[in-house]
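Colleague: Task: produce atomic coordinates for the following.
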Amino acid sequence: MGRAVGRLWWLKNDPLALIGLIVLVILSVSAVFAAQIAPFDPTEQHLSDTLQPPDEIYRFGTDQFGRDILSRVIHGTQISLGLGSLAVILAVTAGTTIGLAAGYIGGRVDEIIMRVIDIFFAFPPIVLAIFLMATLGPSLLNVVIVVALVTIPQFTRIARSVAISERNQDYVLAARAMGASTASVLRRHLLVNAFPPLAVQVTVLLADAILIEASLSFLGIGVRPPTPTWGGILSAGRDYVFTGFWWFTVFPGLAIFLAVFSLNVLGDGLRDFIDPTTRPRGAGN
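Modeller: Model (predicted):
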């Protein structure tokens with residue numbers, strides 16, 4: 001118990017992990033209470049105030065339709081974090097189940113599953129996501145499905161490696177000898193050991209999911225406008241980058257950066273908390 005508390009105390013004193021956690025909490029609160037925080041409706045047009053620079057009324061300026069960019073960025077947090085989180089939840093659930101089953105059962109089942117997974121790994125995630133979105137069509141649901149599909153293979157490989165390394169351990173063999181079913185062994189024994197690396201991977205792939213969603217929306221094949229998304233705002237502002245309207249792309253780009261940065265540094269801190277052997281020598285003393 002004292003050792004676990006000591007490790008937690010070290011995590012609290014990791015400046016980057018702490019900053020990442022604070023930023024992620026702020027973004028999450030903004031997503032949950034977007035309607036209360038945003039000063040305007042994100043789709044409300046003020047045609048007399050188009051392309052206004054940041055001022056006391058429009059803190060982040062306005063776009064070409066006079067829509068408040070601050071309000072659109074805040075509501076875009078719901079899309080990026082919401083869709084990304086839902087997609088990763090689906091991916092970790094499906095990927096973990098498939099990976100544990102493949103690694104534990106082995107044989108022909110493992111071979112077939114991993115050959116399918118290898119097909120996914122043959123393509124860069126964003127290229128595969130673009131292909132799937134072009135096939136399915138742009139919509140909120142399709143974005144969730146596509147992002148989940150391109151992130152399932154990473155979870156599958158991690159879970160499979162844990163299952164392979166643990167399936168012949170004494171506690172697993174004892175459980176099988178006592179008549180435990182395959183589902184019971186996977187759930188009560190192997191899943192426990194797979195949880196730490198999977199937890200770290202969740203933070204990493206949530207950052208990837210945000211980038212993939214933003215990229216799809218930027219290319220016009222993700223969430224349909226006028227629904228505000230960070231990638232969609234960037235896409236609308238790309239024609240104004242070199243015309244002096246810097247705020248159009250700076251603020252949504254900064255939101256993407258902060259979200260990805262916070263998740264990556266938080267993932268590093270979580271990894272060091274779970275596995276102290278990765279901690280730099282002398283840290284946390």
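Colleague: What's the separation between the closest residue to Tyr240 other than its chain neighbours and Gly232?
Modeller: The shortest distance from Tyr240 to any non-neighbouring residue, by CB to CB, 6 or more residues apart in numbering, is to Phe248 (4.9 Å). For glycine as for every other residue, the C-beta is placed from the backbone atoms N, C-alpha and C. From Phe248 over to Gly232 the distance is 12 Å, taken as CB to CB, to the nearest Å.
Colleague: for Asn193, same thing?
Modeller: From Asn193 to Gly232 the distance is 41 Å (CB to CB).
Colleague: the more surrounded of the two?
Modeller: Gly232 (26 against 18; other CB atoms under 10 Å).
Colleague: Let me see the contact set for that one.
Modeller: Residues in contact with Gly232 (CB atoms under 8 Å, 6 or more residues apart in numbering) are 76, 217-218, 222-223, 225.
Colleague: Throw the residues you listed into JSON lines and include neighbour count, pLDDT and secondary structure, thanks.
Modeller: Formatted as JSON lines, the contacts of Gly232 follow (neighbours: other CB atoms under 10 Å; pLDDT from 0 to 100; DSSP: H, G, I helix; E, B strand; the rest coil):
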{"residue": "Gly76", "neighbour count": "29", "pLDDT": "93", "secondary structure": "helix"}
{"residue": "Ser217", "neighbour count": "28", "pLDDT": "91", "secondary structure": "helix"}
{"residue": "Phe218", "neighbour count": "20", "pLDDT": "92", "secondary structure": "helix"}
{"residue": "Gly222", "neighbour count": "30", "pLDDT": "88", "secondary structure": "coil"}
{"residue": "Val223", "neighbour count": "23", "pLDDT": "87", "secondary structure": "coil"}
{"residue": "Pro225", "neighbour count": "15", "pLDDT": "83", "secondary structure": "coil"}
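Colleague: wait, what's in contact with Asp110?
Modeller: Taking CB under 8 Å, 6+ apart, one finds 102-103, 160 in contact with Asp110.
Colleague: typo on my end, Gly267
Modeller: Taking CB under 8 Å, 6+ apart as the test, what Gly267 contacts is 200, 203-204, 207.
Colleague: Equivalent analysis for Leu16, please.
Modeller: By CB under 8 Å, 6+ apart, the neighbours of Leu16 are 265, 268-269.
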